[in-house]
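In: Build me a structure from this.
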Amino acid sequence: MSCEHLICAHCSGPVVEGRCPTCRMARAEVHHHGLAGPQAAVIIALILIFALALALRHLS
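Out: Residues are numbered from 1 along each chain as shown. Below you'll find the predicted structure:
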C-alpha cells in the first residue's frame, strides 16, 4: 500500500507531504520504516549456524 493518494482528514493535504502530525503518523504507519526485516534475517542466520554447530558436534 502507498500513501501517494491518501488525503489527511485533519489538514486536507496529501499524506505523502506530511504537513501535520496526523499526516506524519499515518505515513509512518503505511511505510513501516524499521529494521524488523534485517533483524529477523540475522536471528534466523544465527539459529541456523547454532543448529549446524550442534549437528557437527553431535557427529564428532
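In: Which pLDDT does the model give Pro38?
Out: Reading off the confidence values, Pro38 has pLDDT 69.
In: oh sorry, the question was meant for Ala45
Out: The model's pLDDT for Ala45 equals 91.
In: Give me the distance between it and Ala51.
Out: Distance, Ala45 to Ala51, using CB to CB, to the nearest Å: 11 Å. Glycine gets a C-beta too; all of them are placed from N, C-alpha and C.
In: joint contacts of these two?
Out: Common contacts of Ala45 and Ala51 (CB atoms under 8 Å, 6 or more residues apart in numbering): none found.
In: Return the backbone torsion pair for His10.
Out: phi -90, psi -50 (degrees, to the nearest 10).
In: Kindly report the same for Ile7.
Out: phi -110, psi 130.
In: Show residues contacting the lengthiest helix in the chain.
Out: Longest helix in the chain, counting residues (DSSP state H): helix 36-59. Around helix 36-59, nothing counts as a contact under CB under 8 Å, 6+ apart.
In: which stretches of this protein have low pLDDT?
Out: Across the chain, the ranges flagged by pLDDT under 70 are 1-3, 32-38.
In: Now with 90, please.
Out: Within the chain, the stretches with pLDDT under 90 are 1-10, 12-19, 22-43, 58-60.
In: before we move on, back to that, can you give the distance from the longest helix of the chain to the centre of its chain?
Out: 22 Å (CA atoms, centre = their mean, to the nearest Å).
In: then that helix to PDB, C-alphas only?
Out: The C-alpha trace of helix 36-59 is given here as PDB (Å, rounded to 0.1, in the frame of the first residue of the first chain):
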ATOM      1  CA  ALA A  36      12.400  -5.700  11.600                       C
ATOM      2  CA  GLY A  37      13.300  -7.400   8.300                       C
ATOM      3  CA  PRO A  38      17.100  -7.300   8.600                       C
ATOM      4  CA  GLN A  39      17.000  -8.200  12.300                       C
ATOM      5  CA  ALA A  40      14.800 -11.200  11.600                       C
ATOM      6  CA  ALA A  41      17.200 -12.400   8.900                       C
ATOM      7  CA  VAL A  42      20.200 -12.100  11.400                       C
ATOM      8  CA  ILE A  43      18.300 -14.000  14.000                       C
ATOM      9  CA  ILE A  44      17.400 -16.800  11.600                       C
ATOM     10  CA  ALA A  45      21.000 -17.000  10.400                       C
ATOM     11  CA  LEU A  46      22.300 -17.200  13.900                       C
ATOM     12  CA  ILE A  47      19.800 -20.000  14.700                       C
ATOM     13  CA  LEU A  48      20.900 -21.900  11.600                       C
ATOM     14  CA  ILE A  49      24.600 -21.500  12.500                       C
ATOM     15  CA  PHE A  50      23.900 -22.700  16.000                       C
ATOM     16  CA  ALA A  51      22.000 -25.800  14.700                       C
ATOM     17  CA  LEU A  52      24.800 -26.600  12.300                       C
ATOM     18  CA  ALA A  53      27.300 -26.300  15.100                       C
ATOM     19  CA  LEU A  54      25.300 -28.700  17.300                       C
ATOM     20  CA  ALA A  55      24.900 -31.200  14.400                       C
ATOM     21  CA  LEU A  56      28.700 -31.100  13.800                       C
ATOM     22  CA  ARG A  57      29.400 -31.600  17.500                       C
ATOM     23  CA  HIS A  58      27.000 -34.500  17.700                       C
ATOM     24  CA  LEU A  59      28.700 -36.300  14.700                       C
END
